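1. Give me a 3D structure for the following:
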Amino acid sequence: MIGFWERNVPVFDIPVRSRALYVLTGLFLLAFGLVTYRELAGLGPVSGMNDAYAWGIWKTFNVMTLTGLGSGGFAVGIAAYLFGRKRLHAVMRTALLTSFLAYISGMTLLGVDVGRPWNMYLVLMPWRWNYHSPLLEVAVCMPLYAMFPLFLENIPPVLEWVHEFRPNFRPLVEKATAVMSKFYPLVVGLAYLLPAMHQSSLGALMLLAGDRVHPLWQTPFLPLLYVWAAAFMGFSCVAGTLLFCAIMWKRPMDLDILQELSRITCYVIVAWLVFRFSDLLVNGKIPLAFQFNQFAVLFWIEMVILVVAAVTLFDSAKLKNARMMFHAHLITAIGGMMYRFDPTTLAFKPKSGAFYFPTAMEILVALGFVSFAVAVFIVAAKKLAIIPAPISYWHDYEREVLANAPEPQLSTSGQALAAAQD
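-> Residues are numbered from 1 along each chain as shown. Now for the predicted structure:
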C-alpha cells in the first residue's frame with residue numbers, strides 16, 4: 001500500500017500477543033537466567049574470554065556494533081533538524097525508539113560483561129575517574145545519552161496514551177508537557193553532542209590498541225570513521241525497520257520519505273568509502289589489501305558489501321522500489337556491522353597464538369537481549385503512536401477506540417469526529 005505519512009498511529013488492528021512475541025520473550029528469559037548464573041559463577045565458566053581477549057561479544061557486538069545500528073535518532077535528527085529535511089520528522093519516533101532500545105540492551109550487557117559489576121557505582125564519583133581513558137567517556141556519555149535525551153524524547157508517545165485513555169491523569173500530563181517543553185532545546189543539543197562523543201570514543205579505544213589492530217583498519221581517523229559509519233548504519237536501521245513493519249503489518253509506505261532516507265544513506269556511504277580508501281592510499285596501506293590472508297578477505301568483503309549497498313540504494317531510490325530499498329538497507333546494516341565488529345575481534349590480534357571464540361552462553365545472552373529490544377519495540381508500536389501512517393489511519397484508530405472502549409476518552413479531535421459521525 002502506498003500513502004503519505006502524516007502522523008504516527010498505533011498498529012491497533014493486530015493483536016499484541018503473537019507467536020513471534022512469545023519466542024522473543026522466551027529467548028530473553030533464557031538470557032536473563034544465564035545472566036543470573038554469570039553473576040553467581042563469574043565470567044570464567046560462562047564466557048570464552050581470556051587474558052589476551054578480555055573483550056567478548058557482549059562488548060564487541062552488543063555495544064560496539066549494535067549501538068552503531070542504534071544511532072538512528074542521532075543521524076535522522078541531524079538530517080531533520082540541522083539540514084532542514086522536514087519530511088523526516090515523520091519517522092523520528094521510530095528512530096528514537098530503536099535508538100533507545102539498542103542503547104539500553106547494549107548498556108545492560110556492558111554491565112554484565114564487567115568483571116566486578118558491584119563496582120559500577122564508581123562511575124558516579126568523578127574524583128575516582130581516570131581522565132586519560134576514552135572508556136571513561138563511553139561509560140559516562142552512553143548512560144547519560146540513553147537516560148536523558150533518548151528517554152525524554154520517547155516520553156511523548158506515552159504521555160499521549162495516558163492523555164487519551166487515563167483522563168484522571170490529564171492535568172499531570174499537561175504539567176509534564178509544559179516542563180519538558182522548557183528543557184527541550186537542551187535535550188536536543190545533548191542528543192547531538194553525547195552520541196558524537198561516545199561513538200568517536202569507541203573508535204579511539206581501537207586507535208589505542210595500536211598494531212594489535214590490523215593496519216587495514218588502524219588509522220588516526222578511526223574516531224571519525226566510527227561516527228561516520230554510525231550515521232549510515234542508523235539511517236539503514238530506521239528505514240529497514242519502517243519497511244519491515246510495513247511488510248509484516250501491512251501498513252502504507254510513503255515512498256517519498258523512504259526515497260529520501262535511501263538517498264541520504266547512499267551519499268553518506270559513498271563519502272565514507274572515498275574517505276577510507278583515500279586514507280589507505282595516502283598512508284601506503286593499499287598493498288595490504290592484495291595480500292593472500294584472511295584480513296584482506298575481510299576488508300574486501302566489507303568494501304564490496306557497502307559498494308553494492310550504495311548502488312542498490314541509489315537504484316531503489318530512483319525507481320521508488322520498496323523491495324529493493326529493504327534489501328539495500330539490510331545490506332548496508334550488514335556492511336556497517338562488519339566494519340564495527342572486525343577491528344575489535346576478527347582483525348584484532350593481541351599476541352601470537354591468542355584465540356577467542358564465544359561460548360554458547362555468550363551467544364544466547366547476546367541474542368536474548370537483542371530479542372528483548374525487538375519484543376519491546378513490537379509491543380510499543382502496537383500500543384503507542386510510533387509508526388508513521390496516513391491521517392486516515394488515525395481516524396480508523398479513533399473509530400476503533402470509540403467502538404470498543406466502555407467509556408472512551410479521546411482527545412478533542414476524536415470527540416469532534418464522533419460528533420460529526422452522529
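
2. Buried by neighbour count: which residues of the helix or strand Ala333 falls within qualify?
-> Counting by DSSP states H and E, the element that carries Ala333 is helix 322-341. Judged by neighbour count (16 or more other CB atoms under 10 Å), helix 322-341 contains these buried residues: 322, 324-341. Using the backbone N, CA and C atoms, a C-beta is placed for each residue, glycine as well.

3. ditto for stretch 391-403
-> Counting neighbours by 16+ other CB under 10 Å, one finds that the buried residues in stretch 391-403 are 393-394, 397-398, 401.

4. repeat for stretch 304-313
-> Of the residues in stretch 304-313, 305-306, 309-310, 312-313 count as buried by neighbour count, 16+ other CB under 10 Å.

5. what about that stretch, average pLDDT?
-> On average, the pLDDT along stretch 304-313 is 97.

6. was I right about Ile378 contacting Leu21?
-> Yes: with contacts counted by CB atoms under 8 Å, Ile378 reaches Leu21, the gap being 5.8 Å.

7. Just want to know which of those two has more residues nearby.
-> Applying other CB atoms under 10 Å to Ile378 and Leu21 shows that Ile378 carries more neighbours, namely 21 against 17.

8. And the more buried one, how close does it get to Thr98?
-> Using CB to CB, to the nearest Å, we find Ile378 at a distance of 12 Å from Thr98.

9. Repeat that for Leu281.
-> 35 Å.

10. out of the two, which sits in the busier spot?
-> The neighbour comparison of Leu281 against Thr98 (other CB under 10 Å) goes to Thr98, with 26 against 10.

11. CA atoms of stretch 274-285 as CSV?
-> Only the C-alpha atoms of stretch 274-285 are listed here, as CSV (Å, rounded to 0.1, in the frame of the first residue of the first chain):
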residue,chain,number,x,y,z
VAL,A,274,36.0,7.6,-0.6
PHE,A,275,37.5,8.9,2.6
ARG,A,276,38.5,5.4,3.8
PHE,A,277,40.2,4.5,0.5
SER,A,278,41.9,7.9,0.4
ASP,A,279,43.3,7.3,3.9
LEU,A,280,44.7,3.9,3.0
LEU,A,281,46.2,5.3,-0.3
VAL,A,282,47.9,8.3,1.4
ASN,A,283,49.3,6.1,4.1
GLY,A,284,50.6,3.4,1.7
LYS,A,285,48.4,0.6,3.0
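
12. Okay, buried residues for that stretch please.
-> For stretch 274-285, burial by neighbour count (16+ other CB under 10 Å) applies to 276, 279-280, 285.

13. Over to stretch 127-142?
-> Neighbour-count burial for stretch 127-142 flags 134, 137-142 (criterion: 16+ other CB under 10 Å).
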